[in-house]
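Student: only geometry, no sequence info:
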């Protein structure tokens, strides 16, 4: 249980193929986990997730704690039974959402006081409480509570790191269920010395897996990758590495290249509900008038249910008409697209051709490159709303 | 093509089992058609409709004419190809929606001028235009344009009947596609003499099927059934009979008993999106707190995907959390429930046991009986908003 087996490591970069065993099945890595915040990957059934060959989903502790409540989920047999999903599940600690509730929280060494976004009621989240909730939810992989500050604020990160490390110890002490793997999280913003200190401390506690937290929350892409470059080599090679909150097609390549095994992101499903759809060339928006009479599938040759059955014109119509089926079909396509990218990445690593695949993909794909759009998108998603004033520390990775 | 074969008629009432042949397959009758207003049965894929054994769907001419436009649908291969539905489709004439746009229309002998609910643009719907649009959409069964007045206003119905009859003739003259069956519509409110006059006139024109229109739009249930009692016997027994806009479980029994072969209604899908779900005992609302921790399926023994996989507690959670999956699962259940009622009705007629099944169902099922709720529901649905002041005519069926 929770054995991680590396099957093949690339000789030219940190990319690797492996398998992580869980009570609800093996997870082939690298893997992308769609997000099912409220115990449902929005618009999709478990059957559809299985048909898409989803191997891991993420559910949000913060949301499920507030509604329907962790006790309710526990009494109904746990998250797997509650939502009818037979495969592996990962829950976050709840911290990320709580720290996104600007103005609604107080952070102390003990934990975080926050108000529910649903009814304004006051709650307290501590490392112990987070583990207690996650044990009630019953996911296969659970996460230590960490603080996720503005990645560019050195002084704040230095202080917050002390809390995050102490909380990691407390989470480990609290955790009891042997059928759950508790992952530690390395923090430290975009600062190499803090990342090194955090990697040393957290890996010293001996978790079955490690996340690189506090990224993709407002820093530039260059900073994200540079931070991974200095952090991943400090993590044990025989444990899975998880990059939280990352999931654009191009970012999967960048993360895998730097040794990441697990990714999660709400992006593909959220984009789908906004009409933004992945193709092998670029992200397109199905709202655009140019699609109104286009009889072609969204992507020629795509094997997803949407592309096999419906035209761009129909997707355009459904979106314009505000039809839920459009959001479903869009979601199916985007999730399929990302999982297909991951399948091709795994195959390429096994064949020793990862770099070639990455070059080929990048040559064809035009990412949404504009940094300001990335940042505004991150802010709009409630990810990386800087908690404190942004202020570049001297030792920041440029 | 468009042959209607009665396979078995009940000996104690007007109920019968038959088959209506269309270019996209045979429709076993009596049949219930879910409504796919904007070229989608809300939340469901064609695959799910097939799995539910849906045999006929209705699409709304008014909505599709405005968006995406009948020409667009035609250029994309017609409604079947556009929405990926391989089975039979019925389109209404567009008249019902136009007549529901109170204050937005002018009715003359030529047709109706109305404004789009989407952008306020002015449009003109005539019998010729309705048929032209319906030929572009390409459904298997299309409907003559009729006027659908307040069923209780004798004088208005008398005058409107002249228009409806003239429009029926013009529709018949305009219609060209041999792969579409154009149905006539009998109007006349709740007035036996007007219904008789209309049945005589419309059946005299020789349509391959007949609808009883202008019911379920504000009159009492007793008036609905009494009107059917005097109208159906005046329709040719060798043609299918269609009761428009009716589709509660108990109403299916009442309609079948009176000789109706085809039903359509947005009720089961709309109710589902409001959390109101059919069970064999009553309609329940999944929002209610009593379901919050209920581990049972919505209906024990129900074979639908929803009941086979999910608890009441999960459906409750999804609804409270505003998750689209909840609306999907609710829709699947409600459509399955009505189609299952219809399957049992057909089997019972073939076995000569329809009356027994009806008695058994009615003994167990508690309908939403309150007339005022029926009426307010009808109004809220934009069905039967009285176009003119309600005024009971002398010859109204009580």
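Tutor: Cool, got the structure. These figures come from a predicted structure and were not determined experimentally.
Student: in chain A, which helix or strand is least confident?
Tutor: The weakest-scoring helix or strand in chain A, judged by mean pLDDT, DSSP states H and E, is helix A:371-380 (a mean of 50).
Student: In chain A, where's the longest helix?
Tutor: Counting by DSSP state H, the longest helix found in chain A is helix A:324-350.
Student: wait, does that helix make contact with chain B?
Tutor: Yes: judged by CB under 8 Å from any CB of the partner chain, helix A:324-350 comes into contact with chain B at A:324, A:325, A:327, A:328, A:329. C-beta here means a position set from N, CA and C on the backbone, and glycine is covered the same way.
Student: Quick one: buried ones out of those residues?
Tutor: For these, a neighbour count by 16 or more other CB atoms under 10 Å in any protein chain shown gives the buried set as A:324, A:325, A:327, A:328, A:329.
Student: Could I get the phi/psi values of the residue most central in space within chain A?
Tutor: Nearest to the mean C-alpha position of chain A, by CA atoms, centre = their mean, lies residue A:264 at 2.2 Å. Dihedral pair for residue A:264: phi -140, psi 150, per degrees, to the nearest 10.
Student: is it in a bridge, and if so with what?
Tutor: Counting by DSSP bridges, residue A:264 forms beta bridges with residue A:33.
Student: Can you classify the nearest residue to residue A:324 once chain neighbours are set aside by secondary structure?
Tutor: Spatially, and ignoring its direct neighbours in sequence, residue A:324 is nearest to residue B:43 (4.8 Å; CB to CB, 6 or more residues apart in numbering or on different chains). Of the three states, residue B:43 takes coil under DSSP: H, G, I helix; E, B strand; the rest coil.
Student: what's the spacing between stretch A:324-337 and its chain's center?
Tutor: Chain-centre distance of stretch A:324-337: 18 Å, with CA atoms, centre = their mean, to the nearest Å.
Student: Could you do stretch A:315-324 as well?
Tutor: 28 Å.
Student: same thing with stretch A:270-289?
Tutor: 20 Å.
Student: Can you measure across it, start residue to end residue?
Tutor: This stretch, stretch A:270-289, spans 21 Å end to end (CA to CA, to the nearest Å).
Student: Touching that stretch from outside, list them.
Tutor: The contact list for stretch A:270-289 (CB atoms under 8 Å, 6 or more residues apart in numbering or on different chains) reads A:42-43, A:249, A:268, A:298-299, A:312, A:315-316, A:319-320, A:326-327, A:330-331, A:333-335, A:337-338, A:361, A:364-368, A:381.
Student: Chain neighbours aside, what residue packs nearest to residue A:61?
Tutor: In space, residue A:61 is closest to residue A:94, 3.8 Å off (CB to CB, 6+ apart).
Student: How about residue A:196?
Tutor: Counting by CB to CB, 6+ apart, the residue nearest residue A:196 is residue A:234, at 6.1 Å.
Student: what sits against the one you found?
Tutor: So residue A:234 contacts A:186, A:195, A:196, A:199, A:200, A:203 (CB under 8 Å, 6+ apart).
Student: confidence score at the fifth one?
Tutor: Spelled out, it's residue A:200. Note for residue A:200: predicted pLDDT of 98.
Student: Which helix or strand contains it?
Tutor: Residue A:200 belongs to helix A:192-205 when assigned by DSSP states H and E.
Student: Is it correct that residue A:110 is in contact with residue A:126?
Tutor: Yes: contact criterion CB atoms under 8 Å: residue A:110 and residue A:126 qualify, at 5.8 Å.
Student: Compare the two (neighbour count), which wins?
Tutor: Legend: neighbour count by other CB atoms under 10 Å in any protein chain shown for residue A:110 and residue A:126, higher for residue A:126 (19 against 15).
Student: ok, which residues in chain A are in contact with chain B?
Tutor: So chain A meets chain B at A:38-40, A:42-47, A:63, A:67-68, A:72, A:75-77, A:82-84, A:292-293, A:295, A:305, A:309-311, A:313-314, A:316-318, A:320-321, A:323-325, A:327-329 (CB under 8 Å from any CB).
Student: Just the buried residues from the residues you listed, in PyMOL please.
Tutor: PyMOL command restricting the residues of chain A next to chain B to the buried ones, with burial defined by 16+ other CB under 10 Å:
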select buried, chain A and resi 38+39+40+42+43+44+45+46+63+68+72+76+82+83+84+292+293+305+310+311+313+314+316+317+318+320+321+323+324+325+327+328+329
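Student: Looking at the residues of chain A next to chain B, which are in helices?
Tutor: A:46-47, A:63, A:72, A:75, A:82-83, A:305, A:309, A:313-314, A:316-318, A:320, A:324-325, A:327-329.
Student: List the contacts of the most far-flung residue of chain A relative to its centre.
Tutor: Here chain A reaches farthest from its C-alpha mean at residue A:293, the gap being 35.7 Å by CA atoms, centre = their mean. Residues near residue A:293 by CB under 8 Å, 6+ apart: A:313, B:72, B:75, B:76.
Student: can I assume the first one is in contact with residue B:76?
Tutor: Yes: in this structure residue A:313 lies within contact range of residue B:76 using CB under 8 Å: 5.4 Å.
Student: Give me the common contacts of these two.
Tutor: With CB under 8 Å, 6+ apart, residue A:313 and residue B:76 have common neighbours A:293, A:295, B:82.
Student: need those residues in CSV with distance to residue A:106 and pLDDT, can you?
Tutor: Below are the shared contacts of residue A:313 and residue B:76 laid out as CSV (distance: CB to CB, whole Å; pLDDT from 0 to 100):
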residue, distance to residue A:106, pLDDT
A:293, 56, 98
A:295, 57, 98
B:82, 55, 98
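Student: where exactly do the helices run in the stretch 101-250 of chain A?
Tutor: A:127-137, A:154-174, A:192-205, A:221-231, A:249-257 (DSSP state H, counting those that start in this stretch).
Student: and these as a markdown table, adding mean neighbour count?
Tutor: A markdown table is the format used below for the helices of the stretch 101-250 of chain A (neighbours: other CB atoms under 10 Å in any protein chain shown):
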| stretch | mean neighbour count |
| --- | --- |
| helix A:127-137 | 23 |
| helix A:154-174 | 20 |
| helix A:192-205 | 19 |
| helix A:221-231 | 19 |
| helix A:249-257 | 23 |
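Student: Quick one: those helices as a markdown table, columns for distance to residue A:120 too.
Tutor: Output for the helices of the stretch 101-250 of chain A, formatted as a markdown table (distance: least, CB to CB, whole Å):
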| stretch | distance to residue A:120 |
| --- | --- |
| helix A:127-137 | 19 |
| helix A:154-174 | 25 |
| helix A:192-205 | 34 |
| helix A:221-231 | 34 |
| helix A:249-257 | 35 |
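Student: Nearest approach to residue B:218 belongs to which of these?
Tutor: Closest approach to residue B:218 among the helices of the stretch 101-250 of chain A (CB to CB): helix A:127-137, 49.8 Å.
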